[in-house]
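Trainee: no FASTA, just this:
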C-alpha cells in the first residue's frame, strides 16, 4: 500500500522555469528536461521530441519552477511521531525527555511509523534525499523497522546506524554487521548505510577508535555530532591524532568549534551538516553558514528534529539565510551568504556532503532524476521573474510543491502525495503518540 511503483521509461517536463545548481545556481526560462530510465537525459529549450509519442509522458511545466530535489543532510526520522513535543525545551531537557525517557519506550513498530511518517513528510515538501541519523537502535528489530519504512516510502536515504544515547548495552558491533549484511546488499540501492556513532566529542578515545575501525571494516561512511567537549575540546584534531581522520565524514553542527577545526574538516575532505532552526532554538552557538563558507567546507542543511523545529527545507533555507546576516566575523562582507549559496546547501552541496554528489543534487545529464516542481503561479511566488532563486529560498513553502520525482518516478503529482495508505500511517502515528504519552499537558 505504499508509493505507487509506476515508472515511466521516458518523461518530459516541458517548458519550465528551470533552476540548476551546478557549478552555481542559474535560471533557465522556458526549458525542457527529458528523463529516461530514471536519469536526466537532456536539458534545454524546445527539445525536439514528439509530444504525441506513446512512449513519452509529458508534464506541462510552463507554470512551474523545476529544480533538483532537496537534500536533508541531517534528520532523526524516528521522531516523526513526536512532532512539536519539545518546542520550548532546552537542549538538556530534550536529551533527558526525548532521547532518554521517550526514546527508551519506542517499540520497533513505533520506529517504523515514525520513519515512514517522516520520510513521507520529506517527499511531500520536496525533500528527495535524507540522511536519517537513527540513534534508536535498541535491538536489531528496531533497525529492521527503520530501514523497512525508508524503503516503503520510496525516498532516497542514507541510513545512519546510531547507538541510543543512554543505553551502552545497545552498542553492539555484531548488530551493525548484521544490519550491513541483511539490509544493504547493494551500494546502488535507493537506501544505503552509514555509521552514526557517538563520536569524539562525547565518547572516550577507545570507543571512538572501535567505531571508526568498524566503519572502515564495513566500508561505511561516518556521520557524527561534534562540539567542543565535553570529552574532546578539539574532536576533529583528536581523530587526526588517532589516525582516524578520513574523507567523506559528515560532521553535524559544530557551532562551538574553533576555526582551526573547520579548516581541518575542509582539508581532510569532510563536510558539515548544519541545522539552523534547531541550532538557534536550542542555543548551540553562533550561526555556522558564514564560518563554513570562509573555511571552504562543503555544507549541507538539515531539519534535525521535528520535536522542536519545522521539517521542511524551505524553513531551513530561510533560517540559514537570515541568521547569516548576523555574522559578526564578516564585517567586510567578503563572504556574505546569499540566497544562491543557501540553495546550493539544500541541493548539490548537501548531496556532496552525503557522498552522493555524482548522483543527485543538480540537473546534470546522467544524474538520477530526483526533481521537484513548484507552482510558480501561486500567490506567494508570483510574479517570480524578478529573482526566481531568491523566491524559492525566501518565499516558497511546502504548499507550493506540485510534483516530486525520485529516480524518475513520481511520488507526488498535482499537489497530492502518491502514497496508497496515508490515512493508515496517520492513524498509527496518533496511536504511537498516545501510547508514548509525549504530551506535556
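Mentor: Received the coordinates, thanks. Treat the numbers as computed from the prediction; the structure is a model and nothing was measured.
Trainee: the strands in the stretch 51-200 of the chain, which residues?
Mentor: Counting by DSSP state E, counting those that start in this stretch, residue ranges of the strands within the stretch 51-200 of the chain are 57-60, 64-68, 70-75, 127-134, 156-162, 191-196.
Trainee: and the ones you listed: which comes nearest residue 306?
Mentor: Residue 306 lies closest, by C-beta to C-beta, to one member of those: strand 70-75, at 8.1 Å. Quick note: C-beta positions are derived from backbone N, CA and C, even for glycine.
Trainee: show me the contact partners of that closest one.
Mentor: 118, 122, 125-133, 223, 250, 252, 271, 273, 275, 300-305, 311, 313, 316, 346-347, 350-351, 353-354, 356, 360-361, 372 (C-beta atoms under 8 Å, 6 or more residues apart in numbering).
Trainee: just the buried ones from the residues you listed?
Mentor: 118, 122, 125-133, 223, 250, 252, 271, 273, 275, 300-305, 311, 313, 316, 346-347, 350-351, 353-354, 356, 360-361, 372 (16 or more other C-beta atoms under 10 Å).
Trainee: give me the buried positions along stretch 278-292.
Mentor: In stretch 278-292, counting by 16+ other C-beta under 10 Å, buried: 278-282, 284-285, 287-292.
Trainee: so can I have CSV of those showing distance to residue 193?
Mentor: Output for those, formatted as CSV (distance: C-beta to C-beta, whole Å):
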residue, distance to residue 193
278, 24
279, 26
280, 31
281, 30
282, 28
284, 27
285, 30
287, 31
288, 26
289, 28
290, 32
291, 30
292, 26
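Trainee: from residue 354, how far off is the closest residue to residue 371 other than its chain neighbours?
Mentor: Nearest non-adjacent residue to residue 371, counting by C-beta to C-beta, 6 or more residues apart in numbering: residue 405, 4.6 Å away. Residue 405 sits 19 Å away from residue 354, going by C-beta to C-beta, to the nearest Å.
Trainee: ok, residue 19 next?
Mentor: According to C-beta to C-beta, residue 19 stands 21 Å off from residue 354.
Trainee: what about the strands in the stretch 301-441 of the chain?
Mentor: Under DSSP E, counting those that start in this stretch, the stretch 301-441 of the chain gives strands at 371-375, 401-406, 409-413, 416-417.
Trainee: just name the most buried of the strands of the stretch 51-200 of the chain.
Mentor: strand 70-75 (a mean of 31; mean count of other C-beta atoms under 10 Å).
Trainee: so how far is that strand from its chain's centroid?
Mentor: The chain centroid and the centroid of strand 70-75 are separated by 1 Å under C-alpha atoms, centre = their mean, to the nearest Å.
Trainee: now do stretch 355-374
Mentor: Averaging C-alpha positions (C-alpha atoms, centre = their mean) puts stretch 355-374 14 Å from its chain's average.
Trainee: now swap in stretch 207-222 and tell me
Mentor: Offset of stretch 207-222 from its chain centre (C-alpha atoms, centre = their mean): 22 Å.
Trainee: got it, and stretch 156-176?
Mentor: 19 Å.
Trainee: return the helix or strand in the protein with minimum mean pLDDT.
Mentor: Least confident helix or strand of the chain, by mean pLDDT, DSSP states H and E, is helix 91-93 with a mean of 93.
Trainee: so what touches that helix?
Mentor: Residues from elsewhere that reach helix 91-93 (C-beta under 8 Å, 6+ apart): 86, 282-284.
Trainee: and for stretch 14-22?
Mentor: Residues contacting stretch 14-22 (C-beta under 8 Å, 6+ apart): 25-33, 43, 51, 58-62, 64-68, 343-344, 347-348, 361-364, 373, 376, 384, 388-389, 392.
Trainee: 6 Å instead, please
Mentor: 26-32, 58, 60-62, 64-68, 344, 347-348, 362-363, 376, 388 (C-beta atoms under 6 Å, 6 or more residues apart in numbering).
Trainee: next one: stretch 159-168
Mentor: Contacts to stretch 159-168, defined as C-beta under 6 Å, 6+ apart, come from residues 99-100, 132-135, 138, 147, 170-171, 176, 179, 191, 193-196, 223.
Trainee: who does the residue nearest in space to the middle of the chain bridge with?
Mentor: Note on the chain: the residue nearest the mean C-alpha position is residue 72, at 1.5 Å, using C-alpha atoms, centre = their mean. With DSSP bridges as the criterion, residue 72 is bridged to residue 130, residue 301.
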